[in-house]
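Engineer: Fold the following and give me the result.
(one chain, ligands or ions: 4)
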Amino acid sequence: MHRSIVISTILAFAALVAAQNQTIQLVVGGEASTQGGIFQFIPPSITASEGSVVTFQFAGNPGNHSITQSSFSSPCQPLTGGFDSGFVFIPQGTETFPTFELTITNGSQPIWFYCKQLSPAPHCQAGMVGAINAPTSGNTFDLFQQAATHSTGTPGQNVGGLVGVGASASAPPGPLTGSGVEGFGNPTGASAASVASATSSASTTPSSPVSSPSTSPSTSSSGMVEANGLVMMLAALLGVTLA
Ligand SMILES: *[C@@H]1O[C@H](CO)[C@@H](O)[C@H](O)[C@H]1NC(C)=O
Ligand SMILES: *[C@@H]1O[C@H](CO)[C@@H](O)[C@H](O)[C@H]1NC(C)=O
Ligand SMILES: *[C@@H]1O[C@H](CO)[C@@H](O)[C@H](O)[C@H]1NC(C)=O
Ligand SMILES: [Cu+2]
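Structural biologist: Ligands and ions are numbered 1, 2, ... in the order given. Here you go, the predicted structure:
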């Protein structure tokens, strides 16, 4: 009884901490044997509170994908002022994967993105799109993905920036050190200062939905949320409590 109260208090506290600055992992590209195939972000739709870091891992191998911001209404075209990772080529058998880290600068802004690769067929029209903080009704992720698969014309190839609308990276994908791992058209040029000002201007605006633990269920259900040090802290606290 006493013990279970202590444990649930710790878990409630942990949920609050986790809802604030999360690190969320998302995989770019699958393999032929992966359920859903090569042309996907896994998971494709996540929630992430303002200040959280979404780490895109280019783990699909072989793969040659991008993470390019678009809009709900034009899923396969780059958003003006949007972020872009550029392409990252991953040869088959690569074992350590480069990442692209996006910090959420506006927690109330739905963020839509696609892969702009055209080879061997346009990935966007194959459904390789994703969303962060998509509405659960109205402009949902499912409708966005349907619009992508039904879109006509060539997916846009313009190179975006590191700073996007509602989310920003401070560095292009990296490290590109594995054998044969290469970047193509990766964005450069966003200064640390412009990222910082994007972040601080966003954080001066009160954003309602960020601090409730209920904003993070879809990420927790994917099992991919890691809150820094949280697991170790929990383990330590539980160890002390149960001793
Ligand atoms: C947590 O997020 C806030 C923005 O919501 C940011 O200002 C702060 O630097 C972040 N803290 C860490 C440790 O990343
Ligand atoms: C990866 O894709 C880019 C863009 O289509 C292309 O320029 C590049 O040659 C591709 N890299 C490899 C190794 O196939
Ligand atoms: C955050 O996004 C919302 C929804 O698009 C927008 O109304 C608001 O102006 C944005 N806030 C900032 C600081 O850009
Ligand atoms: Cu792709």
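Engineer: In this structure, where is pLDDT below threshold?
Structural biologist: Along the chain, segments meeting pLDDT under 70 span 1-20, 189-243.
Engineer: hmm, try it at 50
Structural biologist: For the chain, applying pLDDT under 50 flags the ranges 17-18, 190-243.
Engineer: what are the ranges of the strands in it?
Structural biologist: Using DSSP state E, the strands of the chain run over residues 23-28, 41-42, 45-46, 53-57, 63-65, 68-70, 87-90, 99-104, 111-114, 129-132, 167-168, 182-184, 225-226.
Engineer: Tell me which other helices or strands the third one touches.
Structural biologist: So that's strand 45-46. strand 129-132, helix 217-221 (3 or more C-beta pairs under 8 Å, 6 or more residues apart in numbering; DSSP states H and E). C-beta: built from backbone N, CA, C; applies to glycine.
Engineer: Which strands border it, and is each parallel or antiparallel?
Structural biologist: strand 129-132 (parallel) (DSSP bridges).
Engineer: cool, the fifth one as well?
Structural biologist: Using DSSP bridges, the strands paired with strand 63-65 in its sheet are strand 87-90 (antiparallel).
Engineer: Skipping adjacent residues, who's closest to Asn64 in space?
Structural biologist: Phe89 (4.5 Å; C-beta to C-beta, 6 or more residues apart in numbering).
Engineer: Make sure that neighbour is actually in contact with Asn61.
Structural biologist: No - between Phe89 and Asn61 there is no contact under C-beta atoms under 8 Å: 9.7 Å.
Engineer: so what's Phe89 bridging to?
Structural biologist: Under the criterion used (DSSP bridges), Phe89 bridges to Asn64, Glu182.
Engineer: And it, how close does it get to Pro98?
Structural biologist: 10 Å (C-beta to C-beta, to the nearest Å).
Engineer: overlap in contacts of those two?
Structural biologist: 181, 183 (C-beta atoms under 8 Å, 6 or more residues apart in numbering).
Engineer: who's more crowded, the two?
Structural biologist: More crowded of Phe89 and Pro98, by other C-beta atoms under 10 Å: Pro98, with 23 against 18.
Engineer: Pull the contacting residues for that one.
Structural biologist: Pro98 neighbours (C-beta under 8 Å, 6+ apart): 57-58, 88, 90, 173-176, 178, 181, 183.
Engineer: Show me which residues of the protein are close to ligand 4?
Structural biologist: Residues of the chain lying near ligand 4 by C-beta under 5 Å from the ion: 65, 115, 117, 123, 128.
Engineer: Assess the claim that the first one and Ala126 are in contact.
Structural biologist: Put plainly, it is His65. No - look at His65 against Ala126 with C-beta under 8 Å: they stay out of range, at 11.3 Å.
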